[in-house]
Every structure is written in structure tokens, then in C-alpha cells.
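> curious how this folds, go ahead:
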Amino acid sequence: MEPAGVACNEVSGTVQPAEAGIHADDLGARARSRRGLAALIGAAALLGSSFAAPALAQDSSSNDASLDELLGPAPVDSAPPPAAAPAEAAPAAAAAPVAATEPAAAPAAAAADAAAPATAAEAEATPGAAETTTKRRKSGIIEEVIVTAQKREESLTDVPISIQAFSPEALAARGIDNQIGLSRAVPGLDVGSQAGYATIFLRGIGTEAFLTADPSIASYVDGVYFPFSPTFVSDFSGVKQVEVLKGPQGTLFGRNAVGGAISVTSYAPSFTEANTDVDLTIGNFALVKPRIYSNFPITDNFALNFSAYYSQSDSNLSKDSRTGGEPLRKQIDEGVRVRSRWAPIEDLDIQFGFTRTRNQNNGAIGQNLNPSPLGRLLLIQPPDDPRNVQVNTRLYGISETSVISTTNTFYAPWLDVKLLASKQKNSLLYNYDFDGSTRPYVSFDVPGHPADITQGELQLISNKSQPFADFLDVTAGVFMFHNIQGFNPVQLEVGDLVIPPVLGNLLQDLPVVGPILAPGRAYRVQAQAQVKTFSAGYYLQTTARFTDWIALTLGARYQREDRGVHRSTVNLLAGTTNLGEALVGGPLLTYNQARDDQGNLWCRTARPRTACRRR
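Reported below is the predicted structural model:
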């Protein structure tokens, strides 16, 4: 801050004597304002004369013209300026070379002219002076934004699609630290969370079937596609840029991008600079969230970076709320990301990444605010305070994600070859009190909801070395995807049967009926429901630029996707007794093949088959 203070003192010391020697005391406020601005411009021109004096002289003239537009013609000074004392005139002349007899409209131009080189030879003697006068100065406010919405780095203004991009500074300025907060900054975007899942709608297009269905808005993190919605609710720690692409992105992003796409890019490790950023957020509901990002250059061609976050907060419900007789769980989010980068040769860049996140919450909290007639018959009463949740089931919600990924780029003479691969494992566990009361009637539990995802993508991207690079851009690629996800298991639990104690004591000693109908038994309908998907896509997109204002983009994509039932079973449990195991030696119902409405097996294609090959 010291240089700024010195500069201010020099400017004020320069301007004040000059004004004292030029202006009369009886000038109007408008003249003083005009000359004060002009004198400040002249002082700035004098301070910057050693860098680009000719350019400053030109700018001073334009600034003078701007003053005419803003303030109007300068009022004519009818009184002659008072003579300055000799002792004051010399310092004034030394500080600001402005003639006291010059018209009041020209002090800035005179100062710039006095500071400029007098001759062409003097201009040539000043290094870079001639070049500075011919170069267009870049704006300090408008900054070029580079995006990767078309699988290549381009200026945001050159991308012919509706897109919004956010830097870390822009996200911080808006208080956005995860995908849910993007709704506050992107018109038409709605991101919600249900039991740890992210439900995304863009321009009214989205998917509410968030348990096993694929979303309609594609989600990418460092080029890795996330089909399993819970994994996309994560903190923006160590993130370089977030892009929101609106409208169908079928050619380049393919499956499930009918409404748009959200792409998150984290910082790649840097070979040149070691740095660490730490921030701490404290908010209402006892929110405490520290975050850290560090970059470690190991050698001149190998580097690592590390980012982590931890967030803890209370629920916004009443502190008197109880689930299963215990206080609500704290909301805890934590995650870590490690990336490595190695450039063994100049044209090869190899990156590996590992990401792990974990989220803990209270599952799907529900309160029965308006019991049905059957509910009132079962003595379920509406609560006095909707924020005071009281349910008999101990609620929980835990989602975990781990991702191992690699991005390898080879810069060939005519094109960039990029190979991406990843392995994801996701899990979401939660429960829900179905009757929403303290009565032990019905609850819904998901003790297992895993997803096992493998994907790979090969991209061929033309670069500036190819023939006709100024006219033509070509992007081609192959995308492979395999996924198994679903409930394993899911169960609906019904509470104790109301049996008279005398009858219950008689029944509990019976060999088969006793374990089923004895008091204190919960009855569960348990099911497994998992689907498997194999998808392969091939795409090509070309852009021809005829002029700076006209370009033609043509694209095509061929995609084949097979989806079928991986596992489907139904079973019944009474207390700890597995009726399926006891009666048939396994689940009561097993269904591993999908059929059409005529009973034909469906597999690999839409045509009926008599046999279905297991993938």
C-alpha cells in the first residue's frame, strides 16, 4: 500500500500549487471542478510519461474532449488571474509544467505535451515507445474467458451456444460453494437435494425419478461423467471453473444431455509455483467449514495438488426435534481430491486423480402434518409445531463416493489426442418414517444403494497446426460406458402386530407360527432391484468459419445402449426370521430377465429374443 500512498501525495502536491497559480478565488464551482479534473489528468500524464508519453498525450486530448461533453463549455474567466508570488511560482512550475496564461481548457493536454518526447529521434530512443502508441490497450475490466464447452479451449465469445462460466472469484462473490448454489446465479437452473441426491432442472427439463433413473442434465467433473445424482452434490474446493451449458448437447456429450450439461473443472497441478490457500466459513445454524488447496511442484515435469473440505452444521429444524428418541444428527460434508501430473516429454501430459466424498444427514425427514382418516383412526395426530419433528424411527442418511480417473493428452502435429478413463463407486444409505409420527407403523429403509461405473473416452481434436486451421475445426471421439446400480436391498418395514398378551404368549412357543406372530416382531418386505447398462457412442463435429461473423457447425453422433435387469428379488422377513430362506432356501421371488408385454425376453436390442445373454 505504500506506493499508492506516495503516488497520491505526489499528485496532490502537484495539483494544488498549479491551481493556486491559475484560478481566481471568484471562479464558479463548475470551473473549479473542470480544472480540478484536468489538473488530475495532467498530473497522471506527467507520472506516466516515462512509460508511454505519446499515448498519454493522445489520451489527454480525448479526456479533455470528454470533459467538454460532461461539463459543457468552460465558463469564460472575466477576471485576470492573480500574480503568484515568486517563491511559490517556481515550485509550481517545477511540479506541473502548466503555463498560467494558457486557456483553462488545456492544462491536461499541455502537461502531456510537455512530458512527451520532443522529436521522432527521442521517441525512437525510448524502448517500446513507438510500439506502445500503435497497440490497442486491453481493458482492465473485461477479461477473456476460456471455456471447454465444445471439448476444446475456446473464448466464451466464440462459442455459439448458451453458456455461463464462473471462475472461483465469481463463485466466492456470489457465495456459491456447491452445485445447489448455482441456482442463485444461473437463470432457468433449479438444483435441489433430496436425501443426498441432486435433482437438476434446466429450462424446465429435468428428472425427478432420482433413485435409479438417469438425469436429463449431464454432470461432468474433470471430464468424468457422473450418472449417479448423489455424487454430484459436492463442494467447490480447488475448482478452476464451472460451466453451465443450456440446451441439448447431444453431439459431444451424448447420453442424457437433452436439457444441458454442467461441467466442473478443478485446477491441474502446476510445475512452476508452490502455493497454499486456506479459507474458513462460519455461518448460522452453527456452520463451520474450513477448506484448503495446495500445489506442490516436485520436479520441473512432475507435480501434485491437494484439496480438501470439511463442513458441519445443525439442522434448521427445532432443537427439540427427535428421531427414535434422539436429537437430530449434524449435517457433515467432507471430501478430499488429489491430482498428479507428469510430462515425461514436451508433447505428452499424463494426469491421475483420486476423489472421495462423504455426506451425513438425517435422511428424508417427514412430518405428518395432515393425517388421513385412517391415520387419525390409528391415533396419529398432527404436530403443534411443523419445525418440531417427532418420529419413532431413528433417521440417517449417508452418501459416499470414490473416483479414480486419468486424463492423458498427446499433442500430435495436426491434432490433440486425449484419452480419459475412470472408475466410480457410489453408495447411498438412508431411511424414511413413512407414517411421519411417533407410532411404529411403517418405515422405508435403503440399507444398500450402490453404483459401480466404468467409463472411457477417446477424443481427437484438431489444433492450430493442421491445414486450414484458421478455417476449419474438427472434433471426433468414442465414448464407452458400463454401469450397474440400484437398490441392494430396499425394504418396507411394518411395526408390531397388536396381539393380546395372553394369545401372544401361547403363540410364541409354536415352532413355525410363533416366530412370525409373537409380540415385538417387525415385518419387512425386502427387495433387490438393480439395472445394468452398456453404452457406446461415436461422434464427429466440424465447424467452418467463412468470416469473422459467419460459421457453420455440423455434427453427428451414433449411440447404442443396452439396458437390462441385473438383479431383482423379493423376500419377506418376520423379525430375524427370513421366510424365503426358511421356506424355499432363498428369495421368495427372483426375476433376472426383462420381458415385454407379451412375455418375450428383451436383451441387447429392441427385438424379442428367445434367450438373453448375460453381460
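
> so what pairs up with S535 in the strands?
Note on S535: beta-bridge partners by DSSP bridges are F481, E561.

> now swap in Q526 and tell me
Beta-bridge pairing for Q526 (DSSP bridges): Q491, N571.

> I'd say it and P489 touch.
Yes. In this structure Q526 lies within contact range of P489 using CB atoms under 8 Å: 5.0 Å. C-beta: built from backbone N, CA, C; applies to glycine.

> give me the nearest residue to A308, chain neighbours excluded.
V336 (4.4 Å; CB to CB, 6 or more residues apart in numbering).

> average pLDDT across whatever helix or strand the one you found lives in?
In this structure, V336 sits in strand 331-342 according to DSSP states H and E. Model confidence over strand 331-342, given as mean pLDDT, is 94.

> just for the protein, where's the confidence low?
By pLDDT under 70, the low-scoring segments of the chain are 1-143, 194-197, 209-212, 229-233, 255, 496-522, 575-576, 592-615.

> CA atoms only for stretch 159-171 - export them in PDB, please.
The C-alpha atoms that make up stretch 159-171 are tabulated as PDB, following Å, rounded to 0.1, in the frame of the first residue of the first chain:
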ATOM      1  CA  VAL A 159     -18.800 -20.500 -28.600                       C
ATOM      2  CA  PRO A 160     -22.200 -20.500 -30.500                       C
ATOM      3  CA  ILE A 161     -24.300 -21.900 -27.600                       C
ATOM      4  CA  SER A 162     -25.900 -20.500 -24.500                       C
ATOM      5  CA  ILE A 163     -23.300 -20.900 -21.700                       C
ATOM      6  CA  GLN A 164     -22.500 -19.400 -18.400                       C
ATOM      7  CA  ALA A 165     -19.000 -19.800 -16.900                       C
ATOM      8  CA  PHE A 166     -17.900 -18.900 -13.400                       C
ATOM      9  CA  SER A 167     -14.400 -18.500 -12.000                       C
ATOM     10  CA  PRO A 168     -13.500 -19.200  -8.300                       C
ATOM     11  CA  GLU A 169     -13.700 -15.400  -7.700                       C
ATOM     12  CA  ALA A 170     -17.100 -15.200  -9.300                       C
ATOM     13  CA  LEU A 171     -18.400 -18.200  -7.200                       C
END
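
> can you name the residues bridging to N426?
The partner residues for N426, given DSSP bridges, come to T401, A451.

> count the residues that sit near it.
N426 sits with 22 neighbouring residues when counted by other CB atoms under 10 Å.

> try F471
Other residues near F471 come to 11 when the count uses other CB under 10 Å.

> isn't it up against T542?
No. Look at F471 against T542 with CB under 8 Å: they stay out of range, at 10.6 Å.

> what about G247, neighbour count?
Considering only other CB under 10 Å, G247 is surrounded by 16 other residues.

> for it, phi and psi?
For G247, the backbone dihedrals are phi 90, psi 170 (criterion: degrees, to the nearest 10).

> repeat for E153
With angles defined as degrees, to the nearest 10, E153 sits at phi -80, psi 120.

> mind listing what's buried in stretch 346-358?
Taking 16 or more other CB atoms under 10 Å as the neighbour-count basis, stretch 346-358 is seen to contain the buried residues 349-351, 353, 355-357.

> which among these gets closest to V186?
If you rank those by distance to V186 using CB to CB, T357 comes first, at 22.5 Å.

> so where does that closest one fall, helix or strand?
For T357, the element it lies in under DSSP H and E is strand 348-361.

> ok, then the element right after that strand?
helix 373-377.

> elements contacting that following helix?
Using 3 or more CB pairs under 8 Å, 6 or more residues apart in numbering; DSSP states H and E as the contact criterion, no helix or strand is in contact with helix 373-377.

> identify the residues contacting that helix?
Contact with helix 373-377 is made by 368, 435, 437, as judged by CB atoms under 8 Å, 6 or more residues apart in numbering.

> which single one of these is nearest to S162?
Proximity of the contacts of helix 373-377 to S162 was ranked by CB to CB; the top entry is N368 with 42.9 Å.

> any buried residues in the strand or helix carrying G486, and which?
Taking DSSP H and E as the criterion, G486 maps to strand 472-494. The neighbour-count check on strand 472-494 (16+ other CB under 10 Å) flags 473-477, 479, 481-491, 493 as buried.

> helices of the stretch 501-615 of the chain, start to end?
Counting by DSSP state H, counting those that start in this stretch, the stretch 501-615 of the chain has helices at residues 501-507, 513-517, 579-584.

> if we can go back for a sec, quick check: the residue nearest to A308 vs A544, distance?
Computed as CB to CB, to the nearest Å, the V336 to A544 distance reads 45 Å.

> also V478?
23 Å.

> and L171, helix, strand or coil?
Using DSSP: H, G, I helix; E, B strand; the rest coil as the criterion, the local structure at L171 reads helix.

> residues contacting the residue nearest to it when sequence neighbours are not counted?
Spatial nearest neighbour of L171, chain neighbours left out: F236 (5.9 Å); criterion: CB to CB, 6+ apart. Contacts were defined as CB under 8 Å, 6+ apart; by that measure F236 touches 168, 171, 176-178, 242, 264.

> next: I282.
Counting by CB under 8 Å, 6+ apart, the residues that I282 touches are 288-289.

> secondary structure element holding it?
Assigned by DSSP H and E, I282 belongs to strand 275-283.

> ok, S422 next?
Using DSSP H and E, the element containing S422 is strand 415-433.

> that strand to strand 348-361, inter-axis angle?
Compare the direction of strand 415-433 with that of strand 348-361 by axes from the mean of the first three to the mean of the last three CA atoms, to 10 degrees and you get 10 degrees.

> output the contacting helices and strands for strand 415-433.
Helices and strands touching strand 415-433, as assessed by 3+ CB pairs under 8 Å, 6+ apart, comprise strand 224-225, strand 397-411, strand 442-446, strand 450-462.

> so what's G188 closest to, chain neighbours aside?
Excluding its sequence neighbours, the residue lying closest to G188 (CB to CB, 6+ apart) is R203, at 4.6 Å.

> the one you found contacts P187, doesn't it?
No. Here R203 does not reach P187: they are 9.1 Å apart, not a contact under CB under 8 Å.
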